[in-house]
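# Sequence first, predicted coordinates after that:
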Amino acid sequence: MTAQRRYAVYVAPPSDGALWRFGSAVLGYDAETGDAPAAPDIAGFDAEAWQQATAEPRRYGFHGTLKAPFRLADGVAEDDLAQLMARCAAGHHAFEMPPLEVRAIGPFVALVPAVPAPKLEDLARSAVLELDGLRAPLSAAEIARRRPERLSARQIGYLEAYGYPYVLDEFRFHMTLTGPLPELERGHALNALAAAFAASGADVPALVTDLALYVQEPGAPRFRLLRRFPLGATQ
């Protein structure tokens, strides 16, 4: 199979805001500019150890997943995706993101809503259902990477139907800050990131104003923020 661009539909906070600056600095990568901002002081980790701890999420840039990475189906062009994303975004209004808190999700550390987030869930549902017709089927290798043997029957059904197991009622919004960490390191990272988050000024509710389209070029190690589609924009 010829290498193809991979796309993802994400929530990306405004790039001039404290939340974007915090997340990009933690990951050591700004997905909009391609720069490598300096990480905040993370107690218990030197610079090299923190680079390793954040290697996995750095590939994707700071974001909250709405529609996980996918390839376009045969005969579908990027312009087709852009038109459908604009239509999807137009069906929603900008809204305030719930307050976020630093929390462990299994072996990872992430920012998660401190209270229910129905508007985020509704936006994710729309992105999954309205854009999935443009997605290429998963390859056998892509399915295997999702470790289907660890998934529930419902999650396997979603993986087969939508290319990702954690959608619809299995969706849990989060903004990943680390890769998988051993328990002791995870505890250190959790405490240090909570302190850094509070000190950053990013712990105030941010606005969700658009759908963000990220792209990974064939052979490129990371995704870049390609384009934003404003919520509620007139077609």
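Okay, I see it.
# need the next SSE after the lowest-mean-pLDDT helix or strand in the chain, C-terminal direction.
Ranked by mean pLDDT, DSSP states H and E, the helix or strand of the chain with the weakest confidence is helix 140-145, at a mean of 87. Scanning forward in sequence from helix 140-145, with DSSP states H and E defining helices and strands, the next element found is helix 153-162.
# which residues in the chain form helices?
In order along the chain, the chain carries the following helices (DSSP state H): 18-27, 47-53, 55-58, 78-90, 118-131, 140-145, 153-162, 183-200.
# What mean pLDDT does the shortest one get?
If I follow you right, that is helix 55-58. For helix 55-58, mean pLDDT rounds to 96.
# The closest residue to Leu66 other than its chain neighbours: neighbour count?
Once flanking residues are discounted, Leu66 sits nearest to Ala127: 4.1 Å by CB to CB, 6 or more residues apart in numbering. C-beta here means a position set from N, CA and C on the backbone, and glycine is covered the same way. Ala127: 23 surrounding residues under other CB atoms under 10 Å.
# and if you look at the one 4 residues further on?
Here the number of neighbours of Leu131 (other CB under 10 Å) works out to 21.
# ok, it touching Ala86?
No - at 11.3 Å, Leu131 does not count as touching Ala86 under the criterion of CB atoms under 8 Å.
# Sketch out the low-pLDDT regions of this protein for me.
Per-residue confidence of the chain (counting by pLDDT under 70) places the weak regions at 1-3, 233-235.
# returning to what we had before: contacts for the least confident helix or strand of the chain, please.
In this structure, residues lying in contact with helix 140-145 by CB atoms under 8 Å, 6 or more residues apart in numbering are 159, 163.
# quick revisit: for the residue nearest to Leu66, give its distance to Val9.
Using CB to CB, to the nearest Å, we find Ala127 at a distance of 5 Å from Val9.
# list residues touching both of the two?
66-67, 211.
# Select only the buried ones of the residues you listed in PyMOL?
The PyMOL selection below is limited to those of those classed as buried (16 or more other CB atoms under 10 Å):
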select buried, resi 66+67+211
